[in-house]
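In: need a structure here:
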Amino acid sequence: MQGCPVHCEGRPGHIFKRSLLLTFLKYHGKSNAIFGFVYKGGSVNREGRWAVSEEVYPLDSYPVYASGTSYIISRSAAVTLMKLCSHYPYFPIEDAFITGILATVGSIDRVHMRGVCYWAKLKPEPCAFVNDKIYIGNNMTETELRSIWRLQIDRGRSMNCEKLDALNSQKVKGEFDERW
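Out: Alright, predicted model coming up:
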């Protein structure tokens with residue numbers, strides 16, 4: 001995490017729409033904040049892949065946190081997190097720890113972003129990028145990433161994204177409003 005105030009690389013299989021992301025941050029961005037798909041009151045799993053024992057974390061729910069599939073941390077928030085993380089032991093659930101527990105201790109705001117894919121919504125529709133519905137998508141193969149890139153270049157004409165957007169606009173709108 002020490003390189004993060006300067007440069008953090010994305011995960012393989014992720015894609016983001018830089019122009020849309022920069023526009024969002026220009027109008028809604030603020031310092032000392034974490035931006036992403038924000039969960040409120042997520043339950044702590046005691047068994048399975050994301051298990052955390054009561055010894056490690058005795059509470060039944062996490063504080064507000066951003067999904068670990070993709071989130072953006074402002075520079076000032078990253079500096080605060082860097083200062084805090086050395087005072088805590090290892091915690092197995094990165095997103096709940098960094099964007100939830102440490103962010104709460106550091107008084108860092110969490111800002112929900114519609115249009116950020118999260119674990120339950122694994123793959124975005126390719127036309128959603130062209131039609132500015134999705135900022136960040138995840139869990140894609142190299143072939144899918146290249147396909148979305150080609151769609152960006154031809155502005156979605158090869159898939160008739162304008163027509164598909166008209167058909168799906170209400171579905172996409174409601175899908176992101178339910179959580180937060």
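
In: Strands along this structure, start to end?
Out: 15-16, 33-39, 65-73, 109-112, 136-137 (DSSP state E).

In: What separation do you get for the closest residue to Leu81 other than its chain neighbours and Ile153?
Out: Excluding the flanking residues, the one nearest Leu81 by CB to CB, 6 or more residues apart in numbering is Leu102, at 5.4 Å. For glycine as for every other residue, the C-beta is placed from the backbone atoms N, C-alpha and C. Counting by CB to CB, to the nearest Å, the gap from Leu102 to Ile153 is 39 Å.

In: ok, these two, which is more surrounded?
Out: Between Leu102 and Ile153, Leu102 has the larger neighbour count (other CB atoms under 10 Å), namely 24 against 11.

In: Enumerate every residue touching that one.
Out: Contacts for Leu102 (CB atoms under 8 Å, 6 or more residues apart in numbering) come out as 81, 84-85, 88, 108.

In: Can you flag the buried ones in those?
Out: Among the contacts of Leu102, the ones that count as buried by 16 or more other CB atoms under 10 Å are 81, 84, 108.

In: pLDDT value on the last one, please?
Out: What that stands for is Ile108. If you check Ile108, the pLDDT there is 97.

In: Need phi/psi at it.
Out: Main-chain dihedrals, Ile108, degrees, to the nearest 10: phi -100, psi 130.

In: Next one: the closest residue to it other than its chain neighbours from His28, what distance?
Out: The shortest distance from Ile108 to any residue other than its chain neighbours is 4.7 Å, reached at Ala77 (CB to CB, 6+ apart). According to CB to CB, Ala77 and His28 sit 15 Å apart.
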